[in-house]
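Novice: Pasting a predicted model and its sequence here:
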Amino acid sequence: MSDMSALETQMLELGQRARAARRAVRDADGATRTAALEAMARRLRDTAPEILRANAEDVARARANSLAESFIDRLALDEARLEGVAKGVDVVAALPDPVGATLSEWTRPNGLRIARVRTPIGVIGMIFESRPNVAADAAALALRAGNTIILRGGSDSAASVAAIGEALRGALREVGLPEDAVQIVPSADRAAVGMMLAGLDGAIDVIVPRGGKSVVARVQNEARVPVFAHLEGICHTYVHAAAKPHEAIALVVNAKMRRVSVCGSTETLLIDREIAPALLPKIAAALVERGCELRGDDEARAIVEMNAASEEDWSTEYLAPILSVRLIGGVDDAIAHIAKYGSQHTECIVTEDQAIGDKFLREVDSAIVLHNASTQFADGGEFGFGGEIGIATGRMHARGPVGAEQLTTFKYVVRGTGQIRP
């Protein structure tokens with residue numbers, strides 16, 4: 001058998017096992033799924049030394065391959081980060097079980113009682129790159145929603161993901177659920193991704209990509225099953241003329257510099273030219289002090305010394321300590337700039353003018369819009385979801401942080417008393 005035939009056989013079997021495990025997970029009661037999630041968190045803590053050793057191998061290999069520090073930051077785990085992952089699973093375990101929840105119900109004039117009820121989607125295919133914590137986050141959310149999941153991490157995080165996967169599968173065995181509810185693709189061959197995108201002969205119900213632009217673009221272009229995804233996080237913070245200066249400085253610095261490698265990091269600062277001469281130098285000084293490079297338009301550079309922004313900068317997701325800066329004439333200009341250059345991910349307005357804030361929230365067509373809050377809150381954990389499987393910027397089914405509820409669909413349950421249709 002050729003290597004490709006062997007991989008195809010392996011992947012199809014993996015899909016079949018996930019499909020077979022789906023019924024047991026779906027039909028388990030909420031308490032059993034909760035017990036499994038609690039066991040997952042416990043196993044992550046109990047096997048922390050093994051997971052951290054595996055992660056150290058991945059990080060050492062990444063450094064030997066001269067990968068960027070921003071990439072290594074996304075890859076690296078330590079005791080505190082791993083404890084954060086376990087706590088995230090704890091939060092998911094404490095969430096209400098969405099499966100079987102009634103979304104709405106009504107009675108027709110003929111006496112039929114109709115209810116819309118949450119049900120699991122089925123088998124989730126997750127394709128991600130360097131962040132090994134995604135394996136635990138995604139598996140926990142999928143299980144909370146009664147789904148099974150197939151995880152394909154990047155080759156750079158292979159050892160870490162394998163170690164996390166073994167901990168999660170051990171937890172499923174512990175509570176009597178099939179360990180195949182969580183599966184790790186064992187091959188780094190890119191062909192395995194293509195097989196997942198084709199659906200593994202109908203086994204996969206939805207694909208969720210999480211990673212760099214090239215990975216997400218490939219998924220969106222090639223997938224033959226539905227996709228929850230965002231291509232880029234080109235996020236904006238707009239400082240309106242009615243902003244409180246001290247609040248604007250703090251928000252911009254946090255939105256850009258708290259963690260520059262996350263998709264909710266602000267990449268462009270828009271500021272009203274009315275207040276820019278007084279406020280922009282203070283914002284710039286706070287950013288530069290934190291090590292941020294500024295790239296501005298001509299008006300910004302006339303106020304603060306910084307590099308010139310090119311047309312390309314306005315549509316660039318830096319994922320680095322770089323911020324583009326543009327002066328504008330008001331909220332309509334901000335909305336127009338975001339519509340032209342944004343990726344419909346996350347945008348913030350800083351203003352004390354409630355009417356202007358409401359206009360921005362109403363008219364900006366992004367998955368997440370904020371008023372007087374950092375774009376770094378674009379995160380399922382911060383939304384109370386216990387984590388996220390990704391941020392979706394599409395308009396169908398799921399949008400914004402994809403948590404447990406977003407990993408369900410619904411069916412209609414109709415109860416009658418012998419009615420027939422005339």
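Specialist: Received it, and whenever you're ready, just let me know what you need. From a predicted model like this one, the values you see are computed outputs, not experimental measurements. Numbering: from 1, shown residues only.

Novice: Nearest residue to T351 in space, please, no chain neighbours.
Specialist: Spatial nearest neighbour of T351, excluding adjacent residues (CB to CB, 6 or more residues apart in numbering): H240 at 3.6 Å. For glycine as for every other residue, the C-beta is placed from the backbone atoms N, C-alpha and C.

Novice: how much space between that neighbour and L172?
Specialist: As judged by CB to CB, to the nearest Å, H240 and L172 stand 50 Å apart.

Novice: All the helices of the protein, residue numbers only.
Specialist: 3-27, 30-46, 48-64, 69-75, 79-94, 133-144, 158-175, 190-197, 213-222, 245-257, 276-289, 298-303, 331-341, 354-363 (DSSP state H).

Novice: Looking at those, spot the one closest to T417.
Specialist: Of all the helices of the chain, helix 3-27 sits nearest to T417, with 27.5 Å by CB to CB.

Novice: in that closest one, what counts as buried?
Specialist: Within helix 3-27, the residues that count as buried by 16 or more other CB atoms under 10 Å are 7-8, 11, 14-15, 17-19, 21-22, 24-26.

Novice: shouldn't S160 be in contact with A60?
Specialist: No - applying CB atoms under 8 Å as the test, S160 and A60 come out as separate, 11.8 Å apart.

Novice: So which of those two has more stuff around it?
Specialist: The residue with more neighbours, out of S160 and A60, is S160; 28 against 10, by other CB atoms under 10 Å.

Novice: Per-residue pLDDT of that one, please?
Specialist: pLDDT recorded at S160 is 97.

Novice: How about E352?
Specialist: For E352, the pLDDT comes out at 98.

Novice: before we move on, what about the one 5 residues further on?
Specialist: If you check G357, the pLDDT there is 98.

Novice: my read: it touches C348, true?
Specialist: No - counting by CB under 8 Å, G357 does not reach C348; the two are 10.2 Å apart.

Novice: Show me the common contact partners of those two, please.
Specialist: Shared contacts of G357 and C348, defined by CB atoms under 8 Å, 6 or more residues apart in numbering, comprise H371, N372.

Novice: Name the residue in those two with the higher neighbour count.
Specialist: The neighbour comparison of G357 against C348 (other CB under 10 Å) goes to C348, with 28 against 20.

Novice: circling back to that earlier point, so the residue nearest to T351 versus E83, what's the distance?
Specialist: Distance, H240 to E83, using CB to CB: 39 Å.

Novice: Could you check which of those two is surrounded by more residues?
Specialist: H240 (23 against 15).

Novice: residue contacts, that one?
Specialist: Residues in contact with H240 (CB under 8 Å, 6+ apart) are D272, G330, V331, A334, I349, V350, T351, D353, I356, G357.

Novice: can you list the residues you listed in CSV and add distance to K411?
Specialist: Shown next, in CSV, are these (distance: CB to CB, whole Å):
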residue, distance to K411
D272, 50
G330, 47
V331, 43
A334, 42
I349, 39
V350, 43
T351, 44
D353, 45
I356, 43
G357, 39
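
Novice: What's the PyMOL line that selects buried ones from these?
Specialist: Buried members of the contacts of H240, defined by 16+ other CB under 10 Å, are picked up in PyMOL with:
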select buried, resi 272+331+334+349+350+351+356+357
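
Novice: and which of the contacts of H240 is nearest Y341?
Specialist: Proximity of these to Y341 (CB to CB) peaks at A334, which lies at 11.2 Å.

Novice: Quick one: list the elements packing against the least confident helix or strand in the chain by mean pLDDT.
Specialist: Lowest by mean pLDDT, DSSP states H and E among the helices and strands of the chain is helix 69-75, with a mean of 84. Contacts defined by 3 or more CB pairs under 8 Å, 6 or more residues apart in numbering; DSSP states H and E place helix 69-75 against helix 48-64.

Novice: on contacts alone, who are the packing partners of the helix it packs on?
Specialist: Using 3+ CB pairs under 8 Å, 6+ apart, helix 48-64 is in contact with helix 69-75, helix 79-94, helix 158-175.

Novice: what about 6 Å?
Specialist: helix 69-75, helix 158-175 (3 or more CB pairs under 6 Å, 6 or more residues apart in numbering; DSSP states H and E).

Novice: Any stretches of this structure with poor pLDDT?
Specialist: Scanning the chain for pLDDT under 70 picks out 1-2.

Novice: ok, now with 50
Specialist: Counting by pLDDT under 50, the chain contains no low-confidence segment.

Novice: how does it divide into domains?
Specialist: 3-228+402-414, 235-377 (automatic domain parsing).

Novice: possible to save these as a markdown table with distance to M396?
Specialist: Shown next, in a markdown table, are the domains of the chain (distance: least, CB to CB, whole Å):
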| stretch | distance to M396 |
| --- | --- |
| domain 3-228+402-414 | 8 |
| domain 235-377 | 12 |
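
Novice: nearest to E388, of the ones you listed?
Specialist: Of all the domains of the chain, domain 3-228+402-414 sits nearest to E388, with 5.6 Å by CB to CB.

Novice: Which residue, other than its chain neighbours, is closest to S261?
Specialist: Going by CB to CB, 6+ apart, S261 has S70 as its nearest residue, at 4.6 Å.

Novice: Was I right to think the one you found contacts V262?
Specialist: No - here S70 lies out of contact with V262, judged by CB atoms under 6 Å, at a distance of 10.2 Å.

Novice: which one among the contacts of H240 gets closest to A300?
Specialist: D272 (12.0 Å).

Novice: Roughly how far does the closest one sit from I335?
Specialist: Using CB to CB, D272 is found at 13 Å from I335.

Novice: what do you get for F410?
Specialist: F410 is 34 Å from I335, by CB to CB.

Novice: before we move on, what about G153?
Specialist: In terms of CB to CB, G153 sits 38 Å off from I335.

Novice: Counting neighbours, go ahead and name the busier of the two.
Specialist: Between G153 and I335, counting by other CB under 10 Å, G153 is the more crowded of the two (28 against 22).

Novice: Run through the residues that contact that one.
Specialist: F128, V161 (CB atoms under 6 Å, 6 or more residues apart in numbering).

Novice: Skip the chain neighbours and tell me the closest residue to L200.
Specialist: Per CB to CB, 6+ apart, closest to L200 is G15, 3.1 Å.
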